[in-house]
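> Predicted model and sequence follow; I will ask about them next.
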Amino acid sequence: MDAHEVNRVRAKLALFVADVFSSVPRKDQRSKSDCYLRGLMMDGRRKSIQAMASRLPDGNEQNMQQFVNQSPWDPVPVRRRIAQRMVPLISPDAWAVDDVSFPKDGRMSVAVAHQYCGALGKQANCQVAVSVHAVTDTASCPLQWRLFVPEEWADDADRRRKTGIPEDIGHREKWRLALDIIDELAGWDLTPPVMVADAGYGQNADFRSGLNDRGIRYVVAIRSDVTVHPHDTQPITPPWPGNGRKPQPRYRDKPTSVAAWATSRGRQAFTEVTWREGSRGPMRSHFLALRVRPAGIRSRRLARAAAIARDGHWDGVLPEVKLLVEWPEEAEAPTDYWLSNLPEDTPLAELVRLAKVRWRIEHDYRELKHGLGLDHFEGRSWNGWHHHITLVTAAHAFLTEQRLAPKARTPASPFTRSSMPSKTC
């Protein structure tokens, strides 16, 4: 947005800030949040504090630095209010989980480490954050974030102290952070209609089990080497000779990779499905859905533990899910695979649409990074990083509301009920 466009929406932005930042106790801090959001939305190649302050007529670099890096305001209630505004506005078809990386120099930025950096497509020095987004094909918004703390930071007292990492924050796997976010959002009375994720999460049997245990439906991508049993195959318990440990029920047939399983069906088993209208016309491909039982040591252990906790015993039967496979017309073999626990009668077209809706999170990341400076933060502290992420999320939410106007109705907060109309624009 240029300066004229930013000025044109300042009254609406003031109402938005008054609501979303109502938990911030001081009026001058709320004023600084308004200023920071305008800096993020205003045109400019760099969205560092120094660059934004130089472009804003009321920009004060020292005040903005203090607000983001030293001020003790809590970002969680702000993100909670954003989520509570945006979920009913967007009416998401699904929630998408993913992670995003921020390349960094040096070793003193909070939680930085040499690890896989998706932004660069290789191992590099970077920070990584896990996020959950509400998505449809036409709108989306981040709901909550977690900064991934690598193992090397868990016991590095010096760097933890200098960057201000809270004592109760340690290393936690990304899939666990995703489940933590879902649990936190549930505490805000927000639950996903369906969860979607790429293979970095969908491949993990513990993540799928965690969703299932929470009663959450999912459509998650997996790699082609995941092994499965046919849904109608039954485990067999070998006879017990009377001494030693009783044998456990086992599947006699060796599990098959989903790639081999799908290819063996042949092209003729796949159905053409159109899932949305793209910029170059209808997006379509060929798909097949099959009922299967995921194999593997971890899947077996999780199934056994769940059955014993539920029924007191396990009969050896692995849980059944649906395998979705894509085989594009121009490809020599199937290319993409998903697992889903959606109901058996879910139409193939709906399954495909949900599997493909995850593209929207990449749209979010592009806008958050290239348009709103998500990765331009130059501070090093835990508080500073979370303040910046929250302010960028707020700017993205405000712009999303403007794009969806005049339909943008959101539930009123205690702050707005007495002093503001229920419409945000």
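Nice, thanks for sending it over.
> going forward, measure contacts and count neighbours with C-alpha atoms only.
Will do.
> Touching, Ala262 and Tyr337? I think so.
No - contact criterion Cα atoms under 8 Å: Ala262 and Tyr337 do not qualify, at 9.3 Å.
> joint contacts of these two?
Val325 (Cα atoms under 8 Å, 6 or more residues apart in numbering).
> And the strands in this structure?
For the chain, applying DSSP state E gives strands covering 94-103, 113-117, 122-135, 140-147, 195-197, 218-222, 227-230, 256-257, 271-278, 281-294, 321-326, 336-340.
> can I see the domain layout of this structure?
3-75+379-417, 218-357 (automatic domain parsing).
> any chance of these in JSON lines, with mean neighbour count and mean pLDDT too?
Shown next, in JSON lines, are those (neighbours: other Cα atoms under 10 Å; pLDDT from 0 to 100):
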{"stretch": "domain 3-75+379-417", "mean neighbour count": "18", "mean pLDDT": "88"}
{"stretch": "domain 218-357", "mean neighbour count": "16", "mean pLDDT": "92"}
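> Switch the strands of the chain over to CSV, and while doing so, append distance to Val78 to every line.
Shown next, in CSV, are the strands of the chain (distance: least, Cα to Cα, whole Å):
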stretch, distance to Val78
strand 94-103, 20
strand 113-117, 28
strand 122-135, 16
strand 140-147, 10
strand 195-197, 23
strand 218-222, 28
strand 227-230, 43
strand 256-257, 45
strand 271-278, 34
strand 281-294, 37
strand 321-326, 38
strand 336-340, 33
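> Which one of the ones you listed lies nearest to His387?
The minimum distance between His387 and those falls on strand 140-147, with 11.4 Å, by Cα to Cα.
> Restricting to C-alpha, output the longest helix along the chain in PDB.
The longest helix of the chain (DSSP state H) is helix 382-404. C-alpha atoms of helix 382-404 as PDB (Å, rounded to 0.1, in the frame of the first residue of the first chain):
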ATOM      1  CA  TRP A 382      12.400 -14.100  22.500                       C
ATOM      2  CA  ASN A 383       9.900 -11.200  23.300                       C
ATOM      3  CA  GLY A 384      11.000  -9.200  20.300                       C
ATOM      4  CA  TRP A 385      10.500 -12.100  17.900                       C
ATOM      5  CA  HIS A 386       7.000 -12.900  19.300                       C
ATOM      6  CA  HIS A 387       6.000  -9.200  19.300                       C
ATOM      7  CA  HIS A 388       7.000  -8.800  15.700                       C
ATOM      8  CA  ILE A 389       5.300 -12.000  14.600                       C
ATOM      9  CA  THR A 390       2.100 -10.900  16.400                       C
ATOM     10  CA  LEU A 391       2.200  -7.400  14.700                       C
ATOM     11  CA  VAL A 392       2.700  -8.900  11.300                       C
ATOM     12  CA  THR A 393      -0.200 -11.400  11.900                       C
ATOM     13  CA  ALA A 394      -2.400  -8.400  12.900                       C
ATOM     14  CA  ALA A 395      -1.400  -6.500   9.700                       C
ATOM     15  CA  HIS A 396      -2.300  -9.500   7.600                       C
ATOM     16  CA  ALA A 397      -5.600 -10.000   9.400                       C
ATOM     17  CA  PHE A 398      -6.500  -6.300   8.900                       C
ATOM     18  CA  LEU A 399      -5.800  -6.500   5.200                       C
ATOM     19  CA  THR A 400      -7.700  -9.700   4.900                       C
ATOM     20  CA  GLU A 401     -10.700  -8.100   6.500                       C
ATOM     21  CA  GLN A 402     -10.500  -5.200   4.000                       C
ATOM     22  CA  ARG A 403     -10.400  -7.600   1.100                       C
ATOM     23  CA  LEU A 404     -13.500  -9.400   2.400                       C
END
